[in-house]
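Novice: model this:
(one chain, ligands or ions: 2)
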Amino acid sequence: MNVTAAVFREPGKPLTIETVQLAGPEAGEVLVKVVASGICHSDLHVVKGEWSTSAPLVLGHEGAGIVEAVGTGVTTVSPGDHVVLSWMPYCRRCHYCLAGRPNLCELVESTAYNSVMLDGTTRLSQAGEPVYSYLATGSFANWAVVPETAAIRIRDDAPLDKVSLVGCAVATGIGAVANTARVHMGSSALVIGCGGVGLSTVSGAAIAGASQVIAVDINDANLDRARALGATHTLNSRTDDVLSALPAITGKTGVDYAFEAIGLPATIELAYEALAPGGTAVVVGQVAEGKKISIDPFVMSDREKTLTGCNYGSCRPPIDFPILVDLYMNDRLPLDSLIERAIGIDEINDAFDAMIRGETARRVIIH
Ligand code: APR
Ligand code: ZN
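Specialist: Ligands and ions are numbered 1, 2, ... in the order given. Below you'll find the model as predicted:
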C-alpha cells in the first residue's frame, strides 16, 4: 500500500513529505493505522546529524493507532485493538527480556537501533529501494508495520492523540521516577529540562509524592507548564544559580533525586553536583554521539552519590503503558498540559525549528 510519510534523507535538511510503499506484516508483525504521533527531541537528534542512522528513513517514534491486520503467530493484539507504539521492540528470548528488563533487549542494537524489523529487513520501500523505519516504529507516516512487541494494547476509550505521548515522553519521564530512581514520598526532586520528557518527569515526581519538585529550564513558558504538572519551585537557569538556590528549598545541601532531561554534558554534571549526600542523579536525556562528562569521584564515594542511566524509563511496555493510560484517564496525569498543539504532517519542519529554539513542549501530528 502507499503511505504518506515525513522522510529524512540527510542531516541538516528538512524532512520531505513523500509517498512510500509499505508491505504487509510478516510473521510476528502488526499493521497499524497510525492516528497520531508526538514529535520528540530524539527525532531532532537524527535531523541534526547528532546520531548516525540509515537513510532514507521515516522518522517518528511516539505514536498511537489502531491495529488493521496481524501477521502469523501474533497473539497479543487483533484487528481493531487500540495500541500505543513502543520504540523498544524486544525479542522475548534474550537474557534481559527473560529477566523482565525488555528495555535492555540484546537484539535492539542490531534491529530497532538500525531502523529495521526483528528479522533485519524493512517493510518500507520506494521504487524497489529500501526505506527504513526509525526505531522500527516510523510513526511520521499514516500507516506502519511494527513488531508485535512494539504494538501495546491499551483501553479503547483513551484519546489516541493524547496517549500517543505515552509511547516516549511519558513512559520515559514517569518511568525514570517510578522505575529507575524509585522516588520516595517526602523527598526532593530536581528536573533539568522541561520539554516533553522533563515535564513528564515533573509529573511523575509529583505523583510519587516528592515534597519539593524543582523544575529548571531556560524557557519560562515550559516552567509554567511544569507548575501546572506539579512543580513546587521553578528556576530559570539563564538568570538563577541552580546550585545556590537548592539549600533554601530543600533544607539540605542539595536534592535527593536529580533528573537530566535535555542530553547535554554540562547539565548532566549539574544534576550530579545538585545532589545531597546519598542522592541519585539519573541521566534521562540522550547525548550526541562522542560526548564525555566529568565528575568528582572523591565526592561520589565520600558522599555516597549515585549517577545512573535510564533508557525508556526502565519500562516494561505491556505493564507500564496501560497503567500510564489509566493514570491519564483517571485525572491523575495531566497529559494535556504537555501538549502545545496538534499539527498536520506538513508542519513537521516548523515543529523542529520551534524545538531548536526551545519554544515548544510537545506538538502532536494528527495523520
Ligand atoms: N538548560 C536548561 N534547559 C535547557 C537547556 C539548558 N542549557 N537547553 C535546553 N533546555 C530545555 C529546553 O528549553 C526545553 O524545554 O530543555 C527542554 C528540552 O525539551 P525538548 O527539546 O522538547 O526535548 P525532549 O523531547 O523532552 O527530549 C529531551 O530526552 O529522550 C531524550 O533524546 C531526547 O535528549 C532528549 C531529551
Ligand atoms: Zn522520544
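
Novice: Only C-alpha atoms from now on, for both contacts and neighbour counts.
Specialist: Will do.

Novice: Contact partners for P317?
Specialist: Taking C-alpha atoms under 8 Å, 6 or more residues apart in numbering as the criterion, P317 is in contact with S86, I152.

Novice: from now on call the first residue 755
Specialist: Sure, I'll start numbering at 755, so the last one becomes P1071.

Novice: Okay, P779 and R1057: tell me how far apart.
Specialist: P779 sits at a distance of 53 Å from R1057 (criterion: C-alpha to C-alpha, to the nearest Å).

Novice: The two: which has the busier surroundings?
Specialist: Comparing P779 with R1057 by neighbour count (other C-alpha atoms under 10 Å), the higher total belongs to P779, at 20 against 14.

Novice: Which single residue of the stretch 1005-1121 of the chain ends up nearest ligand 2?
Specialist: Per C-alpha to the ion, Y1066 is where the stretch 1005-1121 of the chain lies closest to ligand 2, at 8.4 Å.

Novice: Verify the contact between that residue and A925 for me.
Specialist: Yes. Using C-alpha atoms under 8 Å, Y1066 and A925 qualify as a contacting pair, with a distance of 6.5 Å.

Novice: Mind checking which of these two has more residues around it?
Specialist: Taking Y1066 and A925 together and counting by other C-alpha under 10 Å, A925 has the greater number of neighbours (28 against 24).

Novice: Now the more buried one. Nearest residue, chain neighbours left out?
Specialist: In this structure, A925 finds its nearest non-sequential neighbour in G1067, 5.8 Å apart by C-alpha to C-alpha, 6 or more residues apart in numbering.

Novice: Now do the contacts for V828.
Specialist: Taking C-alpha under 8 Å, 6+ apart as the criterion, V828 is in contact with A781, G782, E783, V784, E902.

Novice: and V1037, what is it in contact with?
Specialist: Neighbour list for V1037: F1013, E1014, A1015, G1017, I1022, L1061, T1062, G1063, C1064 [criterion: C-alpha under 8 Å, 6+ apart].

Novice: And for V870?
Specialist: Going by C-alpha under 8 Å, 6+ apart, V870 touches T876, Y886, S887, Y888, L889, A890.

Novice: Out of the residues you listed, which is nearest to ligand 2?
Specialist: L889 (10.1 Å).

Novice: So that closest one is in contact with W841, correct?
Specialist: Yes. Using C-alpha under 8 Å, L889 is in contact with W841, at 5.5 Å.

Novice: overlap in contacts of those two?
Specialist: Residues touching both L889 and W841 (C-alpha under 8 Å, 6+ apart): H815, A866.

Novice: how much space is there between the spatially most central residue of the chain and G1032?
Specialist: When the chain is reduced to its mean C-alpha position, the closest residue under C-alpha atoms, centre = their mean turns out to be C922, at 2.9 Å. Note on C922: its distance to G1032, by C-alpha to C-alpha, is 29 Å.
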